[in-house]
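> Following is a predicted model, sequence given first.
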Amino acid sequence: MLDVLDFLPAAMREPTVLAVPFFALMLGLEFFAAARLEDVDDDGRAPQGAYHKRDTKASLWMGVVSIGTSALSKFVALFAYVAIFTYLAPWQLPISAWYTWVIGFVGLDFLFYWEHRIAHRVRLVWATHQAHHSSEYFNFATALRQKWNNSMSMIMWTPLVCLGVPPAVVFACYSLNLIYQFWIHTERIGTMWRPFEFVMNTPSHHRVHHGSDPEYLDKNYAGTFIVWDRMFGSFQKELFRPHYGLTKPVGTYNIWKLQTHEYVSLGRDVASAPRFRDKLGYIFGPPGWAPAAVRAERHAEQAREQSAA
């Protein structure tokens, strides 16, 4: 029987789209399990595993739009990848060989770790990634709250193509990486078998990553293998239930604002900076960076507020 995806280029046959029924099933099961939970617990936060209707709706719509924007990014990147693979790669790994897929998957996960780390440490990249962290709930719907700008990802995967990994393998491994990350967005699973926890990314590790608590900020960047965090000093064990969301909540369920508010804030800061190096600092510095004079003014204002209280 003719494959319904045969009309597409091999690199565009999207595993994440094929996984949608699995996503829907898992989300439905978790939502059913959380149906009797109240929106607010005794400590003012949502109880573990809870869903919020407007929050969930925002996450689902952000995921739907991301399918289209991701396909567009891959379509544009495909031309560059094919040119690099054909004319610049020193060799071309066979797409049918098992080792090509192992190299592709492990290599992409390694690059994902660094792309993810950059996304948290460079404000221009954080401006698009922060949308994924904007929910104050942690459930399977949160996993679908994806960014719409995938340009940084497409840039980061280029070394794999330069090393002769076929573009179709790169795209497929990226999708498989995202599929793996879906199930770790839950509070329904505690810690797992210790050797598995040591090597693989798990719900416990990823809850830490989504935490806005000082102990958890900028930790556990891994996609599939948590060993990258252990190797490069960014691992943090789960010590207590995290507070989820951004350190400065956006306070909206409007998906356009959730995706763009940080770009607006970044543009405002760049426009107000009098010196060129300060403009560069706002763009390429970490989130929250500001010139020394601005930081001093902020500290003085905080001190005045505390003394007034």
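Sure, I can see it. Numbering: from 1, shown residues only.

> So which elements touch the helix or strand containing Phe79?
According to DSSP states H and E, Phe79 maps onto helix 53-87. The contact analysis (3 or more C-beta pairs under 8 Å, 6 or more residues apart in numbering; DSSP states H and E) places helix 53-87 against helix 15-18, helix 140-143, helix 151-156, helix 158-162, helix 167-182, helix 255-272. Every residue, glycine included, has its C-beta placed from N, CA and C.

> comparing those, which gets the lowest mean pLDDT score?
The stretch with the lowest mean pLDDT among the helices and strands packed on helix 53-87 is helix 15-18, at a mean of 61.

> returning to what we had before: and the helix holding Phe79, which residues are buried?
Neighbour-count burial for helix 53-87, with 16 or more other C-beta atoms under 10 Å as criterion, is recorded at 55-56, 58-60, 62-63, 66, 69-70, 73-74, 77-78, 81-82, 84-85.

> mind saving the C-alpha coords of stretch 211-226 as PDB?
This file holds the C-alpha atoms of stretch 211-226, laid out as PDB (Å, rounded to 0.1, in the frame of the first residue of the first chain):
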ATOM      1  CA  GLY A 211      11.600  25.500  38.500                       C
ATOM      2  CA  SER A 212      12.000  29.200  39.200                       C
ATOM      3  CA  ASP A 213      13.500  28.700  42.600                       C
ATOM      4  CA  PRO A 214      17.100  30.100  43.000                       C
ATOM      5  CA  GLU A 215      18.400  26.500  43.600                       C
ATOM      6  CA  TYR A 216      17.000  25.300  40.300                       C
ATOM      7  CA  LEU A 217      17.600  28.200  37.900                       C
ATOM      8  CA  ASP A 218      19.700  27.300  34.900                       C
ATOM      9  CA  LYS A 219      20.100  23.700  35.700                       C
ATOM     10  CA  ASN A 220      19.400  20.400  33.900                       C
ATOM     11  CA  TYR A 221      19.500  21.500  30.300                       C
ATOM     12  CA  ALA A 222      19.500  17.900  28.900                       C
ATOM     13  CA  GLY A 223      17.200  16.600  26.300                       C
ATOM     14  CA  THR A 224      17.600  12.900  26.500                       C
ATOM     15  CA  PHE A 225      20.800  12.200  28.300                       C
ATOM     16  CA  ILE A 226      21.300  13.900  31.700                       C
END
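
> who touches it?
Contacts to stretch 211-226, defined as C-beta atoms under 8 Å, 6 or more residues apart in numbering, come from residues 105-106, 109, 112-113, 116-117, 120-121, 177-178, 180-181, 197-202, 205-206, 208-209, 228-229, 234-236, 239-240, 242-247.

> Quick one, which of these are buried?
Among those, those scoring as buried are 105, 109, 112-113, 116-117, 120-121, 177-178, 180-181, 197, 200-202, 205-206, 208-209, 228-229, 234-236, 242, 244-246 (criterion: 16+ other C-beta under 10 Å).

> okay, now the domains of this structure?
Domain segmentation of the chain under the TED database yields 13-256, 274-308.

> Spell out which residues sit in contact with the spatially closest residue to Leu144 that is not a sequence neighbour, please.
With sequence-adjacent residues excluded and distances taken as C-beta to C-beta, 6 or more residues apart in numbering, Leu144 is closest to Gly63, at 3.2 Å. Applying C-beta under 8 Å, 6+ apart, we find Gly63 in contact with 144-146.

> No further queries at this time; thank you.
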